[in-house]
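S.K.: Quick one, fold the following:
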Amino acid sequence: MACRGYFLALDERCTARLLACDSDDALRDVLEEFDMNADMSDECVVDKAWDGIHRCLTEGGLGSDDGTYPLNAVVLGGRHLYRGDAYIVCHNSAGEVREIAAALDEADLEQFAAVFWSLDAGDYGAYIDQHGLTYLLDYLKDVTAFYHRAATAGWSTVFVVDQ
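M.R.: I've put the predicted structure just below:
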C-alpha cells in the first residue's frame with residue numbers, strides 16, 4: 001500500500017455518519033463518499049509526510065500515546081475508528097480540533113527540526129536531510145492551516161492512511 005495520508009474536516013452531520021459506522025467496511029464506504037464529494041468536507045492531503053510530522057511533534061515516536069496532548073493528537077491522536085490492520089482512521093472532536101489548532105500555533109519549529117535531525121533513518125524509513133525537513137515543514141504549514149479552518153468552522157477531523 002502507498003501509506004499516503006489525508007485529513008478531512010467534517011461538519012456535525014458528517015461526523016455523526018462517520019461515528020455511526022458499525023464495521024470497517026461501512027467506515028471505508030462513508031470515507032470514500034466524503035472523499036469523493038468536495039462539498040461535504042475540507043481536505044488536507046499530506047502524502048507520506050504524516051509519519052515524520054507525527055514523529056517530530058511527539059519527540060520521535062510513532063505511537064498514538066507518544067508525546068503530549070494536544071500535539072500528539074494532530075495525526076494519530078483522538079479516537080481510533082478502524083478496527084482492522086489495513087487502515088488507520090483517527091477522529092478528533094471539534095473541541096479537540098480547537099485545542100490542536102491552538103497548539104500548532106505555539107509549536108516550536110526549532111524543536112521540531114531538532115527531533116527530525118535526531119530520528120533514526122532506519123526506523124523512520126526515509127532520508128534525514130534538508131530536503132526531508134523542508135518536505136515536512138511544508139506539509140506542517142498545510143496541516144496547521146487545515147486545523148485552523150476546521151476550528152473556525154467548528155468541525156471535527158479525521159486522519160486516514162492505508163497501511
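S.K.: Could I get the buried residue list for stretch 28-35?
M.R.: R28, V30, L31, F34 (16 or more other C-beta atoms under 10 Å). C-betas here are computed from N, CA, C, even on glycine.
S.K.: Kindly report the same for stretch 115-130.
M.R.: Buried, per 16+ other C-beta under 10 Å, within stretch 115-130: V115, F116, L119, Y124.
S.K.: what are the phi and psi angles of the first one?
M.R.: This points to V115. phi -60, psi -40 (degrees, to the nearest 10).
S.K.: list the contacts for it?
M.R.: In this structure, V115 makes contact with R55, C56, L57, E59, G60, judged by C-beta atoms under 8 Å, 6 or more residues apart in numbering.
S.K.: picking that back up, kindly indicate which of the buried residues of stretch 115-130 lies nearest S23.
M.R.: Y124 (33.0 Å; C-beta to C-beta).
S.K.: That closest one reaches H54, doesn't it?
M.R.: No. Here Y124 lies out of contact with H54, judged by C-beta atoms under 8 Å, at a distance of 10.9 Å.
S.K.: can you pull out the strands in the chain?
M.R.: Using DSSP state E, the strands found in the chain span residues 5-10, 41-47, 79-80, 87-92, 156-162.
S.K.: what packs against the third one?
M.R.: Contacts of strand 79-80 with other secondary structure elements, assessed using 3 or more C-beta pairs under 8 Å, 6 or more residues apart in numbering; DSSP states H and E, are made with strand 87-92.
S.K.: avg pLDDT for the strand it packs on?
M.R.: Mean pLDDT, strand 87-92: 98.
S.K.: Who are the packing partners of that strand?
M.R.: helix 12-19, helix 24-36, strand 79-80, strand 156-162.
S.K.: show me where pLDDT drops low in this protein?
M.R.: 1, 38-40 (pLDDT under 70).
S.K.: From the centroid of it, which residue is nearest?
M.R.: Closest to where the C-alpha atoms of the chain average out (C-alpha atoms, centre = their mean) is V75, at 2.8 Å.
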